[in-house]
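> got a structure for you, letters missing:
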């Protein structure tokens, strides 16, 4: 039981560290295609599609 | 013009390296030994083929390419997490007790990332794809960065003799740490134009860097195998480290 709690705390620490690093270096990116979004691969990163015209 | 040529060079160099390494592993029947690398390369090649096909059919500025790119990125980030998991397994081959805890922690980590992302998505249900891509992909990406750093520290702590694994982990480190460092630069320069263009190029260059380090590790560095020899009941295992 104690080991389970320790592993859960370790997992929580890792995830919180990851989210903190993300918030620090990437800020609060809210649009796909923003230069602060990470991607994997050697293909060119696409530009965001044009916004839909408002009715 | 120069930018587009450099872009094509990067793209085709990456695809050629992935295909070449897969062929090398398949030809030398190292798929079982290097299953983590094989799996990572296979995921990269499949995702790259899907992206290339869509870009060829619809163009780089099309919404189709946009959605295919970010959907395949979602698969690639999950593959990266599994890759780090397999590297942890390889590092803990002789540490079964430690592996049990690490395996459990990795499982918890994945579910925590899913939980945090779902919490964020539930607040923005109107743009499900956008927020799912942003939250889940990015959270898992940075989690892989932290896990890979921990794996490197673990290799130093247990004084691993597997040089090949050390190089493979360094390769993954380039993939994750390079773009993060560029983002930090972008943050420090308050989003200057040169830093923005650098950020998108560095992501692709870092993937290529990872592939080059992997190629060196697989072709030039021999994998150390650990054999347990001459063990009697009640005695500690005698470890013999040899190179294949």
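Arrived safely, thanks for sending. Keep in mind that this is a model prediction, so the values were computed, not measured.
> Counting neighbours, what do you get for the residue nearest to residue A:10 when sequence neighbours are not counted?
Using C-beta to C-beta, 6 or more residues apart in numbering or on different chains and skipping residues adjacent in sequence, the residue nearest residue A:10 is residue B:105, 5.1 Å away. C-beta coordinates here come from the backbone N, C-alpha and C atoms, glycine included. Neighbourhood size, residue B:105 [other C-beta atoms under 10 Å in any protein chain shown]: 22.
> next one: residue B:220
Number of residues near residue B:220 (other C-beta under 10 Å) recorded here: 9.
> so does stretch B:12-23 get close to chain A?
Yes: using C-beta under 8 Å from any C-beta of the partner chain, stretch B:12-23 reaches chain A at B:13, B:14, B:15.
> ditto for stretch B:53-70
Yes: in terms of C-beta under 8 Å from any C-beta, part of stretch B:53-70 sits within range of chain A, namely B:55, B:60, B:61, B:63, B:65, B:66, B:69, B:70.
> With pLDDT as new columns, can these be given to me in CSV?
CSV is the format used below for the residues of stretch B:53-70 next to chain A (pLDDT from 0 to 100):
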residue, pLDDT
B:55, 89
B:60, 83
B:61, 83
B:63, 85
B:65, 89
B:66, 86
B:69, 89
B:70, 86
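> Please list the members of those residues that lie in helices.
B:55, B:63, B:65, B:66, B:69, B:70 (DSSP state H).
> now the residues you listed in a markdown table, with neighbour count?
Listed next are these as a markdown table, based on neighbours: other C-beta atoms under 10 Å in any protein chain shown:
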| residue | neighbour count |
| --- | --- |
| B:55 | 20 |
| B:63 | 12 |
| B:65 | 24 |
| B:66 | 20 |
| B:69 | 24 |
| B:70 | 21 |
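> Run through the helices of chain B in chain order.
Secondary structure of chain B (DSSP H): helices at B:2-27, B:35-58, B:63-91, B:96-122, B:128-132, B:138-157, B:163-188, B:193-220.
> Closest residue of chain B to chain A?
Closest to chain A within chain B is residue B:14: 2.9 Å, counting by C-beta to the nearest C-beta.
> returning to that earlier point: worst average pLDDT in the helices of chain B?
Mean pLDDT across the helices of chain B is lowest at helix B:128-132; the value there is a mean of 68.
> Mind telling me which residue is nearest the centre of chain B?
When C-alpha atoms, centre = their mean is applied to chain B, the residue found nearest the centroid is residue B:80 (3.9 Å).
> hang on, the earlier thing: got phi/psi on the closest residue to the residue of chain B closest to chain A other than its chain neighbours?
The shortest distance from residue B:14 to any non-neighbouring residue, by C-beta to C-beta, 6+ apart, is to residue A:42 (2.9 Å). Residue A:42 adopts backbone torsions of phi -100, psi 0, taken as degrees, to the nearest 10.
> re the thing from before, how near is the nearest residue to the residue nearest to the centre of chain B once chain neighbours are set aside to residue B:197?
In this structure, residue B:80 finds its nearest non-sequential neighbour in residue B:144, 5.0 Å apart by C-beta to C-beta, 6+ apart. Per C-beta to C-beta, to the nearest Å, residue B:144 is found 25 Å from residue B:197.
> Name the residue in these two with the higher neighbour count.
The residue with more neighbours, out of residue B:144 and residue B:197, is residue B:144; 26 against 12, by other C-beta under 10 Å.
> That one reaches residue B:84, doesn't it?
Yes: applying C-beta atoms under 8 Å, one finds residue B:144 in contact with residue B:84, separated by 5.6 Å.
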